[in-house]
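Asker: Sequence and predicted structure are below.
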Amino acid sequence: MRIFPERPIVGVGAVIVNDGYVVLVKRAHEPLKGEWSLPGGAVEVGETLAEAVAREAREETGLDVRVGSLVEVLDRVHRSAEGRVEYHFVLLDYRCTVVSGTLAHGSDAADACWARRDDLARYGLSEAALRVIARALELGD
């Protein structure tokens, strides 16, 4: 159960980069519905982290990716108005490069785009997402 969980949920993010651009998705579901972020989601039972990153990237963007280096590990905790933990994810973000496919948003995303590094501010990304993207771009190919 993702909402009001009994324990944190392990999630992964795909920082898909190419020549100073990064893939962003507009979330179609809570948490963060309607906001731009990195593609990603929960790790399924029996799935390795790399398998989860590749699956989430494919589901949300239509792209097949090569999963590279771990960029960052972070907590994402959302509390309800009453102070209860509504969502709690431990996220592992990986730098990825495209192997094949054409960018197109999937069912978990309302939109997807390639965003230039210099244009990221216009997407209203969180400070954590901006930090992760900057680190991934610094890692190079």
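Answerer: Received, thanks. Residues are numbered from 1 along each chain as shown.

Asker: mean confidence for stretch 43-59?
Answerer: Averaging pLDDT along stretch 43-59 gives 97.

Asker: How about residues contacting it?
Answerer: Stretch 43-59 has contacts (Cβ atoms under 8 Å, 6 or more residues apart in numbering) with 10-14, 16, 39-42, 63-65, 67, 92, 94, 96, 101, 106-108. (Each C-beta comes from the backbone N, C-alpha and C, glycine too.)

Asker: ok now that stretch, how far from the chain's centre?
Answerer: 12 Å (Cα atoms, centre = their mean, to the nearest Å).

Asker: I figured Gln88 hits Ile9, correct?
Answerer: One thing to correct before we go on: residue 88 is His, not Gln. Yes: using Cβ atoms under 8 Å, His88 is in contact with Ile9, at 6.8 Å.

Asker: Does Gly11 touch Ser37 like I think?
Answerer: No: Gly11 lies out of contact with Ser37 (Cβ under 8 Å); the separation is 11.3 Å.

Asker: which SS class is the residue lying farthest from the centre of the chain?
Answerer: Largest separation from the mean C-alpha position in the chain: Glu82, at 27.3 Å (Cα atoms, centre = their mean). Secondary structure, DSSP: H, G, I helix; E, B strand; the rest coil: Glu82 is coil.

Asker: Kindly report the same for Arg135.
Answerer: helix.

Asker: Regarding the nearest residue to Asp108 once chain neighbours are set aside, which helix or strand does it belong to?
Answerer: Nearest non-adjacent residue to Asp108, counting by Cβ to Cβ, 6 or more residues apart in numbering: Glu60, 5.3 Å away. Using DSSP states H and E, Glu60 sits within helix 49-61.
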